[in-house]
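**Q** When you get a sec, could you give me coordinates for this:
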Amino acid sequence: MVIDRRFRRLWLGEWRGPIVDAMQTTDWLRRDESIATMRSIGQVVREYRLAAGVNQGTVAEAMGLTQQFLSQVEKGSRKATLEHRRDFARILGIPPEELGLAPPARGPVFTDTDPAVAASRGRWRAQRHWLNSHRSDLARMATLYYDVDCRLPRTSLISGDGWVPAAPMELDSIRLRLDERARTMEVTGAEQQTRPVRPLRLRDIPFESYSAAVRHLDPPRLFESRPSYRYLGGTIADGSLDFGLAAYFDKLDVSEALAHETAAACLAHPETPDLRCALPFREFVGDPFDAARRAIIPAITTLTIRLRRFPEPPSFLLHWRDPERVATAAGVYDVIPAGEFQPSGVALWDRHNDFSLWRNIVREYSEELLGHPEHDGTRSTPIDYANWPLFQSMGAARTRGTMSVHLLGFGLDALTLAATLLTVVVVDNDVFDDIFGSAVRFNDEGEIVGIGDGRGTDGVPFTREAVTRMLDTEPIAAPGAACLALAWQHRHSLIG
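**A** Modelled structure (predicted):
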C-alpha cells in the first residue's frame, strides 16, 4: 500500500486542508439530534424524585408550587416551563441534558402502585440514565482501581500480559482454537453483591439479573442473548487464542452491573475520592483477567482508516452509539464497525463457520456501514462466505494490497470489564468508494458522524490534532479510544 510522502507532514502537525480546517469550528463533530424524541419531563422528574426519596409536597414547596401542579407535571397533563426545569435540576440534582438535551429514555412510564417497587425502579432508572450520560468519565475513574502496569496509556482500557503486541500483527497470523465443552462460571451477576443494582420486580423480590431489569425497565431496540465466543486463554504475543462458548447476557449481567454499581456509588458519594468500599461487586469479581472465574466474551472493534486523495489527509470513521438503540457503551462515540464476536446464528454449524475474526468483521461492515439486515440467527443455512460479493470484494482488496487488516491488541474496559479485540483496517480511497460508496448514515445502533458539513464516510482526519482531541476531550468508548491510540502509535508501519 503506497501513500504520498506529503502525508508525512500530517504527523508533524503541519497539515492544513478543508477537513482539518473544519475542526477549527465549534461544530467539528456533527450529529443529527432531531432523530430522537424527548421523553416526558414529568417522567424524568418523577424518576429523580423517587430516587432521592422525597415526596411531591417537599419538592413543590421548595419550588413555590402547589403539590397538585407538580402532580400534573409528573403525569404529563401540565407543561413545565424553562424556569421550572432549571428548578428541577437544582433541587433534584437532575443533569441538564435529562431535561431536554439528552437522547430519549426507553421503556414504559412506571405504573406500579406499590411505592417501594416504584421507588426502587425509579432510582435504578435514574442511575442508569446518569451512567449512560457519564460513561467516559466513569471509565477513566475506574482505571484508577487497577495497577498502573496494566493500563493502556491515553485510554480507559486495561490489558493482561501478552495481550498487546509490540507492533500490529497481521490478522491472519493469529491462530484461534475452539473448545465447545461446557464450562462453569463462578461470577454470574446474580450474587448478593449485585442486589443494590437489581431493582425490585415485586415487593421484596428483585429482578433475577441485570439483563432482566434492562429488558423490562429500559430496553433498547437491539436486545437479545445470542451464542457468543468466550475467551479461555492464550495471548496475542504468543500468536494464539483459545475460546469456548457462552451467551451474550452472561457478559452483560456482569459488565453492566459493574458499571451501574460505579455510577450509583458516585451519585451516593460525590465527594469520596476512593470508592473501593462502595464497590462490593467489583471486589467480588477480583482479578479482571481470570478467564475461568467469569465469562470473558469479547467484542471486535475495528478502526477504519481511509486513505483519502491528496490534498486530504487520511481519515477514520466515527460512530455515535445512540442510548435509544444499544444496551452497552451507550451515549458515546466509537470507531466503526464494532460488534460481538459470535456466530451469526444459533445452529451448530454456525459455531465453526463463523469462528473467524475476519468473517465477523465483514459481517459488521455489511450491517453498520451498508445497512444490510443483521444476521440474527433466524437462518437455517450457514453463510456462504466464498460466494458473498462483499466478502469477495474485501478479500480481493486484501490480496491486491489495497486493504490491510491488523490486530492491535486485546483489552478490558476498566468500567465494565467487557473485553474487546482491537483491530484496524486501512483501505485505499478508490477501494473504499467501490465497496462502501452506498454507505448509510444511520444504522441500527446510531449514526456515522461527519465533520462540519461533510459526510460521515468522509471521516475524521487521522491527524495528531484530531486524535488528541478525541482521546482527551470527547466521550469515546474505551475500545475505540484504544484503537485510535494504538493506531496512532504505530501509524508509520500501518500507513507509511
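
**Q** pLDDT below threshold where in the stretch 151-300 of the chain?
**A** 271-277 (pLDDT under 70).

**Q** just the strands in it please.
**A** Here the stretch 151-300 of the chain has its strands, by DSSP state E, counting those that start in this stretch, at 157-158, 169-170, 175-178, 200-202, 205-206, 227-235, 240-247, 299-307.

**Q** Return the set of buried residues in the fourth one.
**A** Buried residues in strand 200-202, defined by neighbour count with 16 or more other C-beta atoms under 10 Å: 200-201. (Glycine included, C-beta is placed from N, CA and C.)

**Q** Which one of the strands of the stretch 151-300 of the chain lies nearest to Ala278?
**A** Closest to Ala278 of the strands of the stretch 151-300 of the chain is strand 205-206 (C-beta to C-beta; 18.9 Å).

**Q** other SSEs contacting the closest one?
**A** The contact analysis (3 or more C-beta pairs under 8 Å, 6 or more residues apart in numbering; DSSP states H and E) places strand 205-206 against no helix or strand.

**Q** residues in contact with that strand?
**A** 120, 195, 198-200 (C-beta atoms under 8 Å, 6 or more residues apart in numbering).

**Q** and of those, the nearest to Ile296?
**A** Arg198 (21.8 Å).

**Q** And the chain, what are its domain boundaries?
**A** The record's domain parsing of the chain by automatic domain parsing lists 1-30+138-496, 41-133.

**Q** Just give the number of residues close to Glu312.
**A** By other C-beta atoms under 10 Å, 19 other residues sit near Glu312.

**Q** scratch that, Phe284
**A** Phe284 - counted by other C-beta under 10 Å - has 14 other residues nearby.

**Q** List the contacts of the nearest residue to it once chain neighbours are set aside.
**A** Of all residues not flanking Phe284 in the chain, Gln193 sits nearest, at 4.7 Å (C-beta to C-beta, 6 or more residues apart in numbering). By C-beta under 8 Å, 6+ apart, the contact list for Gln193 reads 280-281, 283-284.

**Q** Same question for Gly244.
**A** Taking C-beta under 8 Å, 6+ apart as the test, what Gly244 contacts is 178-181, 183, 229-230, 232.

**Q** OK, contacts around His372?
**A** Ser366.

**Q** Pull the most distant pair out of the contacts of Gly244.
**A** The most distant members of those, if one measures by C-beta to C-beta, are Arg181 and Tyr229, lying 13.7 Å apart.

**Q** between the two, which one's more packed in?
**A** Each of Arg181 and Tyr229 has its neighbours counted (other C-beta under 10 Å); Tyr229 has more, 23 against 6.

**Q** tell me which residues form a beta bridge with that one?
**A** Beta-bridge pairing for Tyr229 (DSSP bridges): Leu245.

**Q** Per-residue pLDDT of Ala439, please?
**A** pLDDT recorded at Ala439 is 88.

**Q** What's the local residue count around it?
**A** With other C-beta under 10 Å as criterion, Ala439 counts 20.

**Q** residues contacting it?
**A** 369-371, 448, 456-457.

**Q** mind checking how far the closest residue to Leu471 other than its chain neighbours is from Arg140?
**A** Sequence neighbours aside, Arg154 is the residue nearest to Leu471 in space, at 5.1 Å (criterion: C-beta to C-beta, 6+ apart). Note on Arg154: its distance to Arg140, by C-beta to C-beta, to the nearest Å, is 10 Å.

**Q** just Arg464 next, same as before
**A** 21 Å.

**Q** which residues does Ile448 bridge with?
**A** His319.

**Q** Surely it and His319 touch.
**A** Yes: contact criterion C-beta atoms under 8 Å: Ile448 and His319 qualify, at 5.8 Å.

**Q** what sits in contact with each of those two?
**A** Ile336.

**Q** Quick one: the helices in the stretch 101-250 of the chain, in order.
**A** 115-133, 135-143, 210-217, 248-268 (DSSP state H, counting those that start in this stretch).

**Q** Also the stretch 351-496 of the chain?
**A** Applying DSSP H, counting those that start in this stretch to the stretch 351-496 of the chain gives helices spanning 357-364, 389-400, 429-436, 464-473, 478-489, 491-494.

**Q** Need the ones you listed in CSV (columns: distance to Thr262 and mean pLDDT).
**A** Formatted as CSV, the helices of the stretch 351-496 of the chain follow (distance: least, C-beta to C-beta, whole Å; pLDDT from 0 to 100):
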stretch, distance to Thr262, mean pLDDT
helix 357-364, 28, 97
helix 389-400, 38, 97
helix 429-436, 37, 96
helix 464-473, 21, 94
helix 478-489, 13, 96
helix 491-494, 33, 96
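
**Q** Out of these, which is the most enclosed?
**A** Using mean count of other C-beta atoms under 10 Å, the stretch among those with the largest mean neighbour count is helix 478-489, at a mean of 26.

**Q** Just the residues contacting it, thanks.
**A** By C-beta under 8 Å, 6+ apart, helix 478-489 touches 139, 152-157, 164, 168, 299, 301-303, 305, 316, 329, 333-335, 338, 408-409, 411, 413-415, 420, 422-424, 462, 464, 467, 470-471, 476, 494.

**Q** how about stretch 220-229: buried residues?
**A** Neighbour-count burial for stretch 220-229 [16+ other C-beta under 10 Å]: 220, 223, 226-229.

**Q** Ignore what I typed, I meant stretch 62-76.
**A** If you call a residue buried by 16+ other C-beta under 10 Å, then stretch 62-76 has these buried ones: 63, 65, 70-71, 73-74.

**Q** I'd like the helices of the stretch 351-496 of the chain laid out as CSV, including distance to Ala292.
**A** As requested, the helices of the stretch 351-496 of the chain are arranged in CSV below (distance: least, C-beta to C-beta, whole Å):
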stretch, distance to Ala292
helix 357-364, 23
helix 389-400, 35
helix 429-436, 40
helix 464-473, 33
helix 478-489, 23
helix 491-494, 34
